[in-house]
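[1] structure for this input, please:
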Amino acid sequence: MPTEILMPALSPTMEEGTLAKWLVQEGDAVKSGDILAEIETDKATMEFEAVDEGTVGKLLVAEGTAGVKVNTPIAVLLEEGESADDIGAAPKAKAEAQPEAAKAETAPAAAAAPAAAAPKSNDGGRIFASPLARRIAAEKGIDLAGVTGSGPHGRIVKADVEGAQPGAAKPAAAQAPNAAQAPAASAAPAGPSAETILKLYADRETEEVALDGMRRTIAARLSEAKQTIPHFYLRRSAKLDELMKFRAMLNKQLESRGVKLSVNDFIIKACALALQEVPDANAVWAGDRILKLKPSDVAVAVAVEGGLFTPVLRDAQQKTLSALSAEMKDLASRAKTKKLAPHEYQGGSFAISNLGMFGIENFDAVINPPHGAILAVGAGIPTPVAENGEVVIRNLMSMTLSVDHRVIDGALGAQLLEAIVRHLENPMGMLA
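    Below you'll find the model as predicted:
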């Protein structure tokens, strides 16, 4: 029977995408691992690999089509011995052969089929499986939640289910016995409609800018953040004089290696070490519980055309300043061309947004869920400071820590910010 190739979920949060480019044509033979198409998500353009072998019978979605929902059929793959004439015929023949009584019995199941199209794993996450693997599993009564995928990114493919033993699917209650059901958030007012706004400016010269996937996602996530996260803010300044001297000395020594450390590299390292020293603050909000991380996975906001990325530097506490600098430059460069993979910009427990390089003295950043906090970094400003009874000029950098009060209380946030400041004002200790 012909197999439908569905629009893949290339990240856990992806709901729709743009089919940017087909890399195969109708009639092409493909095997597992071959690149079929380029898919644009809200954050990146990614290659989509075949997980089964066969012949491309029909391309159902044209290149450049936007807003294609996940699990929508985009092409049909034919197995050996099948032809394009078989497309659409098998389901029809099966329906005609089905007795009326059987149709009546299976009607409720058919109505529930869309919900079963994306089964969940035991921890509630989506199970990634090829259409053929899903079909075989359904025919054999195999619970996909208990199957380990060997395909790209752990996707379950034909070979994984052919040798699996049949078994009844686990009831939903058994899959998550200890998980409390989180109440649904009440819908916030949508605000004035587009038509209302357009009428308001009907007599003015305007230009409409259509929202792309990235801007839609940013709008949705930040609206969610401000409406659902109880933010509070902690502010401190750090003296950068010792850091600037230390940075200049290191850069002179590293010049022969082509390494040039930025102030941002020191900030990343300081935050990573502070999260280790205040481990209770290295946490995220997980719906009905707090999830504490062991490593310091620090996200850093990077401005790109039309929006921003927050690539994550994983295990930042273990990396040298030069390694962090090189990794950050690479991630930022690929972010600007939307070439980051989802695992490179998802995750982390803490984020940094540095607008000081643009001359902004101080600001408050919005938490990127599910992070527990985000540090807004301003510019270093020469400022008169009283020290030992004298007024001296110090280079002060203002910082604001936006904190999720569900995860971090005031005193804990103050400890975290104090540790960050201590590392920035004593930079040599970051090399120990």
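[2] name the nearest residue to residue 276, sequence neighbours excluded.
    Excluding the flanking residues, the one nearest residue 276 by C-beta to C-beta, 6 or more residues apart in numbering is residue 317, at 5.1 Å. Where C-beta positions appear, they are placed from N, C-alpha and C, glycine not excepted.
[3] distance check, that neighbour against residue 425.
    19 Å (C-beta to C-beta, to the nearest Å).
[4] and the helices in this protein?
    Secondary structure of the chain (DSSP state H): helices at 89-97, 100-111, 113-116, 131-140, 158-162, 172-175, 194-200, 213-228, 241-254, 263-277, 321-336, 342-345, 410-425.
[5] centroid residue for this protein?
    Among the residues of the chain, the one closest to the centroid is residue 346, at 3.5 Å (C-alpha atoms, centre = their mean).
[6] show the model's pLDDT score for the closest residue in space to that residue that isn't next to it in sequence.
    Distances taken as C-beta to C-beta, 6+ apart place residue 11 nearest to residue 346, at 6.7 Å, with adjacent residues excluded. For residue 11, the pLDDT comes out at 74.
[7] surely residue 11 and residue 344 touch.
    No - assessed by C-beta atoms under 8 Å, residue 11 is found out of contact with residue 344, at 10.7 Å.
[8] how far away is the most far-flung residue of the chain relative to its centre from residue 425?
    No residue in the chain sits farther from the centre than residue 389, which is 50.6 Å out by C-alpha atoms, centre = their mean. As defined by C-beta to C-beta, residue 389 lies at a distance of 20 Å from residue 425.
[9] same thing with residue 311?
    Look at residue 311 and residue 425: by C-beta to C-beta, they are 27 Å apart.
[10] who's more crowded, those two?
    Using other C-beta atoms under 10 Å as the criterion, residue 311 and residue 425 rank with residue 311 on top: 21 against 15.
[11] OK, contacts around that one?
    Residue 311 makes contact with 299-300, 302, 328, 331-332, 335, 340, 344-345 under the criterion C-beta atoms under 8 Å, 6 or more residues apart in numbering.
[12] and of these, the nearest to residue 416?
    Of all the contacts of residue 311, residue 416 sits closest to residue 299, with 15.5 Å by C-beta to C-beta.
[13] contacts only, for the closest one.
    By C-beta under 8 Å, 6+ apart, the contact list for residue 299 reads 310-313, 345, 347-348, 350-352, 368, 371.
[14] just among those residues, which is most surrounded?
    Taking other C-beta under 10 Å to define a neighbour, the member of the contacts of residue 299 with the most is residue 350, carrying 29 neighbours.
[15] who's that one bridged to?
    Residues in a beta bridge with residue 350, per DSSP bridges, are residue 298, residue 373.
[16] that one and residue 266: what is the separation?
    16 Å.
[17] quick one: contacts for the residue nearest to residue 276?
    272-273, 275-276, 295-296.
[18] which non-adjacent residue is nearest residue 280?
    Closest to residue 280 by C-beta to C-beta, 6+ apart is residue 412, at 5.7 Å.
[19] check that neighbour and give its pLDDT.
    For residue 412, pLDDT reads 97.
[20] quick check, it in contact with residue 278.
    Yes - with contact defined as C-beta under 8 Å, residue 412 reaches residue 278; the gap is 6.8 Å.
[21] quick one on the thing from earlier: what's the most distant pair in the contacts of residue 317?
    Farthest-apart pair in the contacts of residue 317 is 273 and 295; separation 12.1 Å (C-beta to C-beta).
[22] tell me which of these two has more neighbours.
    The neighbour comparison of residue 273 against residue 295 (other C-beta under 10 Å) goes to residue 273, with 20 against 16.
[23] what residues are up against that one?
    Taking C-beta under 8 Å, 6+ apart, we find residue 273 in contact with 296, 317, 419, 423, 430.
[24] out of those residues, which one sits closest to residue 59?
    residue 296 (45.2 Å).
[25] ok, that closest one touching residue 312?
    No - in this structure, residue 296 is not within contact of residue 312 by C-beta under 8 Å, at 10.4 Å.
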